[in-house]
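Novice: next come a sequence and a model predicted from it.
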Amino acid sequence: MVALARSLGLQAQRTWWLPTDLEIEGSPYEAKRRRNGLGRLYRWLGGNAGLFLRQDGQPWLVVLPAQDFLRLLAELRNREAFACSPPTMRAKRATSHLGTLRPII
């Protein structure tokens with residue numbers, strides 16, 4: 001998970017000295033891997049973008065493929081950085097995807 005998060009430009013580290021397994025962008029996360037026992041979640045998720053589930057009386061949880069979650073987290077971080085940058089930098093970044101524009105004839 002740490003390598004995947006870092007590949008998307010996120011700050012991540014293992015945190016075996018803390019009660020959590022890893023930290024991504026300063027937030028704690030648990031990471032669990034099992035040989036068996038999670039098959040039902042994978043079946044329920046199927047080809048869907050995500051899975052919402054909850055036990056009666058408990059808050060809702062969301063299950064997403066890890067890469068999708070980390071991409072969302074990276075996008076959020078980039079948007080926050082964009083919002084905090086000076087206006088001139090925002091204008092440059094907002095138009096950088098346009099490339100070279102050619103006149104329409």
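Specialist: Thanks, I have it.
Novice: which helix runs longest in this structure?
Specialist: helix 66-84 (DSSP state H).
Novice: may I see the buried residues of that helix?
Specialist: 69, 70, 73, 74 (16 or more other Cβ atoms under 10 Å). C-beta coordinates here come from the backbone N, C-alpha and C atoms, glycine included.
Novice: I'd like the residues you listed written out as a markdown table, with pLDDT and distance to residue 10 added.
Specialist: Formatted as a markdown table, the buried residues of helix 66-84 follow (pLDDT from 0 to 100; distance: Cβ to Cβ, whole Å):
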| residue | pLDDT | distance to residue 10 |
| --- | --- | --- |
| 69 | 96 | 11 |
| 70 | 96 | 6 |
| 73 | 94 | 6 |
| 74 | 94 | 6 |
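Novice: need these in CSV with distance to residue 38, can you?
Specialist: Below are the buried residues of helix 66-84 laid out as CSV (distance: Cβ to Cβ, whole Å):
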residue, distance to residue 38
69, 16
70, 19
73, 22
74, 25
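Novice: check those residues and tell me the two furthest apart.
Specialist: 69 and 74 (9.8 Å; Cβ to Cβ).
Novice: now do the helices in this protein.
Specialist: 2-7, 39-45, 66-84, 87-96.
Novice: point out where this protein drops to low pLDDT.
Specialist: For the chain, applying pLDDT under 70 flags the ranges 82, 85-105.
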